[in-house]
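Student: Model the structure of this input:
(2 chains)
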Amino acid sequence: MIRCPKCSQAQAAQLCCVKCGSPLGADLDAFAALGLERNLVIDLARLERSYHERGRQVHPDRFASDSPSVRAASLKSTANLTRSYRELRDPVNRGLYWLELHGRKLSDGNQSVPSDLAATVFEIQGQLAELREAGVAAHVADLRNGVERQRLEVQAALEQAFAELNANFALWDRATEGGEKGLFEALKSVLARIAYLRTLLRDIGRALEIAQAA
Amino acid sequence: MDRIFGIDLGTTNSLIAVMDGDAPRVIADAATGRRLLPSVVAIKPDGSLVAGQDAIALEPRADSETPDGVENAIVVRSIKRYMGLGGADLAPEDRKRYGFADMDSLVVRFKAAGREFTPPELSAEILRELKRRAESALSETVKRVVITVPAYFDDGQRQATRDAGRLAGLDVVRLLNEPTAASLAYGLNQQTEGRVAVYDFGGGTFDVSILNIKGGIFEVLATNGDTHLGGDDIDSALTEALLPESLRNDREAWSRVRHAAEAAKQELSKSESATVDINLDGERIHRIINRAEIGRLAAPLIDRTLECCRRALSDASLTPADLNAIVLVGGSTRMPVVRERVKEFFGRDPLCSLNPDEVVALGAAVQAGVLMGTQGDMLLLDVVPLSLGIETMGGLLERLIHRNTTIPTSATEMFTTSADNQTHVDVHVLQGERELARDCRSLARFKLGPLQGQPAGVPRVEVTFLVDANGILNVTARDQRTGREHSVDVKPSYGLTDDAIEQMLEESIDLGEEDVEQRLLIAARNDADQLLNALRRQLGEYADLINEAERVKIAEAVAGLEAAYQREDRELIGRLVEELNEITTPFAERIMDHAIKLALEKKSIEELA
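Tutor: Okay, the predicted model is just below:
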């Protein structure tokens, strides 16, 4: 229970006061801040509408002439809201947030390559190294084309991983008490995969840029 | 409540505006009708400050000598370029413009009139002038203001701007990013909507912001810029091209040629060529500049602005083709070469229907309207331009808040001790995009504590870094175990401490009172002098018109007045002057009668003759 800084009404923690509508300055989880049920499948248009609507209710610009405590609450609530929107809008952030919400972490030490990717990654890194060393040698064009093809493949793999992520989200929304453990593992696995593919894509992009400039 | 005003504190010109019904309006000077106030501040030999045209009048001229009777006023231009910087940050070309003191201090200090002046103090004079302008034109008090800042201004530069407002006696309710301000003006006036890029090329700074404008919501997607890139640099490039090698380090010569270069640049926005003709103590510079030449000189600078545009688009995950409109802001966008390059880069004609010199001030007034609650459902979602982080082991920057994060925003970090019985934890906050802390800008250092003597790793202090709607960092700390708020003793790396500002405010108030007292005393003494001198003469000439008793009484009053005069007691002087006037009135009347009698007698004799 908390009190509204403007009208002192006691109430459960939420974004705005039930009585006067003033921001409460409470620390809410992302779903609560945006007024959404805890579903991982989210309609982005609906999310944006909620964000804008609530933003209008709590933003500091609305409380410029109010007392310091009301202004402080507005600042806290708005920061809470903007952070929540960031956490839920991007699917990967959403997945990571879900883990965090349940006290789990995609551990930082998760540097080991997903096993099925290992061979591909090794091959690509090798090609990139060749490309970097080739400089302006004659066969650079061939090397470049080879890397471009790999890029397309990695992009396709990434798209597939995203599809997997969304499927995982749908499963979560239907899950029962017992099935969660498996879903957590699947979620971690696909998030790790996405992270790895993105890094690979970034390295490919950089190498091609350098080759282009040479 | 009183109205909130919008101020554009620009590098070259400053303006003040306010909502007039549905639309924002720039407030012109009641006497001259001028809408732009040149951001020029002069420090007179007596230490007093003057801003605007009056300051320009004290500058060494290209064609004549310094005005008679005015010795060596230091005239500072583009003071905005010095805001929020320490001595070590000064760019070489800025450093040679003026005399500075103490190059390693927290804040740049100008040496003038036997004193030191900081940039916020000088900027405050511009703000004071704008305040006076509005108060005199509207006959209302100006207290609460919105002041615009370049979107790319860092924390130190924003704080300096707020400090300037405080020193000018203003309540700065919001700092607003300039491109966002421009978008408000266009959104309101021209109903501009969709994905918009604002290209703001001013006198000293460059900003580009990409926004999504929809249904009254102004959401900044990304921003980028350079706080040391503006029309001034084009002027400098042209000045360097015109000045003979031998005079490159001569401040006065530089200043005069810069005047002419700026004029030529502006002329070239209207005509195909411009003439520069200056006489510099023997050296004569006579050249005809054309658009191609200024285009060449400006090219590398424009390249830099477009690089910023590329980065902003990349951060927003957009290409130029995804945009619905480009808006031009700032005087430098009047240059044809700038417009051509912008059109080429973005692939569309940019909008410049609103006056590029005034649009930011108009936007500030709109934001003032939002804060007053008169702008209905407008919502502004701006971003922090530079990443914020803390220094970690090994001198790395750990980013807590990423650039282009929507503000207000917060991030929380847990801190603990590394040694047993450690009483404080040191935190170093920085802003920037580099990997190493030493390559980023230090914002502040603070100590968390005091912590109870405990084994290493046991204390848990939760620190919340909150960037508010002004883009300024606020830090609070909480002991996680006790739930108690910790004191956070923040030592800013740049700028004026609260104490320093308090002192400046006190000094300026005292000086203000002193000035007034001084003037009143001088006036009272003048009255006394006049009366005493006249009386001395009269007592000598008309001694026979006065009796002994009166003479004694007058002598006593005169003695009293002379004593008050010496003691500088203004009020007493005034009173005694009045008393003495009363006492000598009969005497004065007799003198008058005597004079009339004489005049009449003379006449009669003449008439009779």
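Student: Quick check: closest non-adjacent residue to the most centrally placed residue in chain A.
Tutor: Geometric centre of chain A, nearest residue: A:Asn93, 1.4 Å, by CA atoms, centre = their mean. Here the nearest residue to A:Asn93 in space, its sequence neighbours aside, is A:Glu87; by CB to CB, 6 or more residues apart in numbering or on different chains that works out to 5.3 Å. Bear in mind the C-beta positions are built from the backbone N, C-alpha and C, glycine included.
Student: tell me which element that neighbour falls in.
Tutor: Secondary structure from DSSP states H and E places A:Glu87 in helix A:68-89.
Student: Only C-alpha atoms, please: export that helix in PDB.
Tutor: The C-alpha trace of helix A:68-89 is given here as PDB (Å, rounded to 0.1, in the frame of the first residue of the first chain):
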ATOM      1  CA  PRO A  68       8.300  18.900  -5.100                       C
ATOM      2  CA  SER A  69       6.900  15.600  -3.900                       C
ATOM      3  CA  VAL A  70       4.400  15.400  -6.700                       C
ATOM      4  CA  ARG A  71       7.100  16.300  -9.200                       C
ATOM      5  CA  ALA A  72       9.500  13.700  -7.800                       C
ATOM      6  CA  ALA A  73       6.700  11.100  -8.100                       C
ATOM      7  CA  SER A  74       6.100  12.100 -11.700                       C
ATOM      8  CA  LEU A  75       9.800  11.700 -12.500                       C
ATOM      9  CA  LYS A  76      10.000   8.300 -10.900                       C
ATOM     10  CA  SER A  77       6.800   7.000 -12.600                       C
ATOM     11  CA  THR A  78       7.800   8.300 -16.000                       C
ATOM     12  CA  ALA A  79      11.300   6.800 -15.700                       C
ATOM     13  CA  ASN A  80       9.500   3.500 -14.700                       C
ATOM     14  CA  LEU A  81       7.200   3.800 -17.800                       C
ATOM     15  CA  THR A  82       9.900   4.600 -20.300                       C
ATOM     16  CA  ARG A  83      12.100   1.700 -19.000                       C
ATOM     17  CA  SER A  84       9.100  -0.600 -19.200                       C
ATOM     18  CA  TYR A  85       8.300   0.300 -22.800                       C
ATOM     19  CA  ARG A  86      12.000  -0.400 -23.700                       C
ATOM     20  CA  GLU A  87      11.900  -3.700 -21.900                       C
ATOM     21  CA  LEU A  88       8.800  -4.900 -23.700                       C
ATOM     22  CA  ARG A  89       8.900  -3.500 -27.200                       C
END
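Student: Which helix or strand lies directly C-terminal to it?
Tutor: Using DSSP H and E, the helix or strand that follows helix A:68-89 in sequence is helix A:91-101.
Student: what angle separates that following helix from helix A:68-89?
Tutor: For helix A:91-101 against helix A:68-89, the angle by axes from the mean of the first three to the mean of the last three CA atoms, to 10 degrees is 120 degrees.
Student: picking up where we left off before, right, and the residue nearest to A:Asn93 touches A:Ala30 too?
Tutor: Yes: using CB atoms under 8 Å, A:Glu87 is in contact with A:Ala30, at 4.6 Å.
Student: what residues are shared contacts of the two?
Tutor: Listed as contacting both A:Glu87 and A:Ala30 by CB atoms under 8 Å, 6 or more residues apart in numbering or on different chains are A:Tyr97.
Student: more neighbours, these two?
Tutor: More crowded of A:Glu87 and A:Ala30, by other CB atoms under 10 Å in any protein chain shown: A:Ala30, with 23 against 20.
Student: What's the local residue count around the closest residue to A:Gln11 other than its chain neighbours?
Tutor: Excluding its sequence neighbours, the residue lying closest to A:Gln11 (CB to CB, 6+ apart) is A:Val18, at 5.4 Å. For A:Val18, the count of nearby residues is 12 (other CB under 10 Å).
Student: close enough to count as contact, A:Val18 and A:Ala10?
Tutor: No: the criterion here is CB under 8 Å, and A:Val18 misses it with A:Ala10 at 10.1 Å.
Student: phi, psi of the residue of the stretch 251-400 of chain B found nearest chain A?
Tutor: Scanning the stretch 251-400 of chain B for the residue nearest chain A gives B:Leu371, at 4.1 Å (criterion: CB to the nearest CB). Torsion angles at B:Leu371 (phi, psi; degrees, to the nearest 10) stand at phi -70, psi -30.
Student: tell me the contacts of it?
Tutor: Counting by CB under 8 Å, 6+ apart, B:Leu371 touches A:Asp61, A:Ala64, A:Ser65, B:Ile4, B:Val146, B:Val173, B:Arg174.
Student: same thing but 10 Å
Tutor: B:Leu371 sits next to A:60-65, B:4, B:6, B:144, B:146, B:173-174, B:176 when contact means CB atoms under 10 Å, 6 or more residues apart in numbering or on different chains.
Student: returning to that earlier point: now the helix holding A:Glu87: how far from the chain's centre is it?
Tutor: The chain centre lies 18 Å from the centre of helix A:68-89; the measure is CA atoms, centre = their mean, to the nearest Å.
Student: That one - what's its average pLDDT?
Tutor: Over the span of helix A:68-89, the pLDDT mean works out to 96.
Student: Report the buried residues of the least confident helix or strand in chain A by mean pLDDT.
Tutor: In chain A, the helix or strand scored least confidently by mean pLDDT, DSSP states H and E is helix A:115-134, which has a mean of 81. Buried positions in helix A:115-134, judged by neighbour count with 16 or more other CB atoms under 10 Å in any protein chain shown: A:Leu117, A:Thr120, A:Val121, A:Ile124, A:Gln127, A:Leu128, A:Glu130, A:Leu131, A:Ala134.
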